[in-house]
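Colleague: sharing a model prediction with you, sequence too.
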Amino acid sequence: MSLYFPERPISSLQHPLRISIIASRYNHSFVDVMLEQTEQELLAIAPATKIEVTRVQGAFEIPALANIVATRHSPDAIIALGVILQGETAHARLIATSVTDALMRISLDHTLPVIHEVLLLEHEKQALDRCLSESVNRGVEAARAAFMAIEAIEKVTSKE
């Protein structure tokens, strides 16, 4: 696990943001905490942020919803949250690879930050460390990454 954890950005954006969070119900004991931490951090950075949460059954369903949201709702960013625990077969790795590829395509096709926090983890201890930890929570990290990506895009596009 990386020891680097981004500091909370200070939002310089002049308008309220619309951020869509798509979270898996599978492994909910980990994902629910990430979701709660993501929402809290988004509002701590920019209190006027409009957050729309959509829950899906599992990680594999996240990209389909992300594509619909990107196409029909035009959010400023999408945050994908999920936990996939590696089992004895290749199934988890195949799902994780498919989700990763699809989220990247959505981001590129829509020129939209899609923050990928669908975690492929070896065991529950890794999930505890990454999802339930006070010091390094991937939900907090996702919120911070979303704001930093939005600001970077606005900075680059405002020069056009």
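Modeller: Thanks, I have it. Numbering: from 1, shown residues only.
Colleague: give me the three-state assignment for the spatially most central residue of the chain.
Modeller: What sits nearest the mean C-alpha location of the chain, by CA atoms, centre = their mean, is Ile79, with 2.9 Å. Per DSSP: H, G, I helix; E, B strand; the rest coil, the secondary structure class of Ile79 is strand.
Colleague: what does the helix or strand encompassing Ala23 rub up against?
Modeller: If you go by DSSP states H and E, Ala23 is part of strand 18-24. Contacts with strand 18-24, where a contact means CB atoms under 8 Å, 6 or more residues apart in numbering, come from 31-32, 34-35, 38-39, 42, 49-59, 61-62, 65-66, 69, 73-83, 118, 146. C-beta: built from backbone N, CA, C; applies to glycine.
Colleague: by contact count, what packs against the helix or strand that that strand is followed by?
Modeller: Downstream of strand 18-24, the next assigned helix or strand under DSSP H and E is helix 28-45. Secondary-structure packing of helix 28-45 (3 or more CB pairs under 8 Å, 6 or more residues apart in numbering; DSSP states H and E): strand 18-24, strand 50-56, strand 77-85, helix 124-131, helix 138-157.
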